[in-house]
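Trainee: sequence-free structure coming up:
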């Protein structure tokens, strides 16, 4: 993604290799993410140990913060992804390579979740669009660089 960031003229503070969405359920912080076995929602501390949260996880929050209705739409979408058996889309790596090396940034992968497959950053963008429509017009071709550079999020320490 460093090459993609350079092509877009974006300086990123972190090498984004995975993305998920945090939410609060009955006081517990959970993370929804697309992983090898599919999309799931688990307690944040079950997903990653504290050392990972402290040293290797770059947290961004919506800017401006989501309203209660936007949070509810995001939560419903997370649940839909988890409860409709959304599998991980492994081919996204090849589509991203093609997008990065093509001169016009052409996306040749799927453009919807019809096949019930998604990759991690795609689910983050789909959830963001559910919460706040139009956040990522091409949610199917979104990566961490796009999310960071979108202006819709700020690093948690800047909130």
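Mentor: Received it, and whenever you're ready, just let me know what you need. No experiment lies behind these values; they were computed from the predicted model shown.

Trainee: the most far-flung residue of the chain relative to its centre: what secondary structure?
Mentor: In terms of distance from the mean C-alpha position of the chain, residue 103 ranks first, at 24.7 Å (C-alpha atoms, centre = their mean). Following DSSP: H, G, I helix; E, B strand; the rest coil, we place residue 103 in the coil state.

Trainee: identify each buried residue in stretch 42-52, please.
Mentor: 44, 47, 48 (16 or more other C-beta atoms under 10 Å). C-beta: built from backbone N, CA, C; applies to glycine.

Trainee: once you drop chain neighbours, what's closest to residue 10?
Mentor: residue 149 (4.4 Å; C-beta to C-beta, 6 or more residues apart in numbering).

Trainee: repeat that for residue 84.
Mentor: In space, residue 84 is closest to residue 116, 6.7 Å off (C-beta to C-beta, 6+ apart).

Trainee: isn't the one you found right up against residue 87?
Mentor: Yes. Under the criterion of C-beta atoms under 8 Å, residue 116 makes contact with residue 87 at 6.2 Å.

Trainee: break down the chain into its helices, ranges please.
Mentor: With helices called from DSSP state H, the chain shows them at 2-8, 44-47, 50-55, 68-83, 92-101, 120-131, 144-149.

Trainee: so which of the ones you listed is nearest residue 16?
Mentor: helix 144-149 (2.4 Å; C-beta to C-beta).

Trainee: please enumerate residues in contact with stretch 143-159?
Mentor: 1, 4-5, 8, 10, 12-14, 16-19, 58-63, 65, 96, 121, 124-125, 128, 132, 135-136 (C-beta atoms under 8 Å, 6 or more residues apart in numbering).

Trainee: number of nearby residues for the closest residue to residue 33 other than its chain neighbours?
Mentor: The shortest distance from residue 33 to any non-neighbouring residue, by C-beta to C-beta, 6+ apart, is to residue 20 (3.3 Å). Neighbour count for residue 20, taken as other C-beta atoms under 10 Å: 25.

Trainee: residue contacts, residue 20?
Mentor: Applying C-beta under 8 Å, 6+ apart, the residues near residue 20 are 31, 32, 33, 34, 47, 120, 123, 124.
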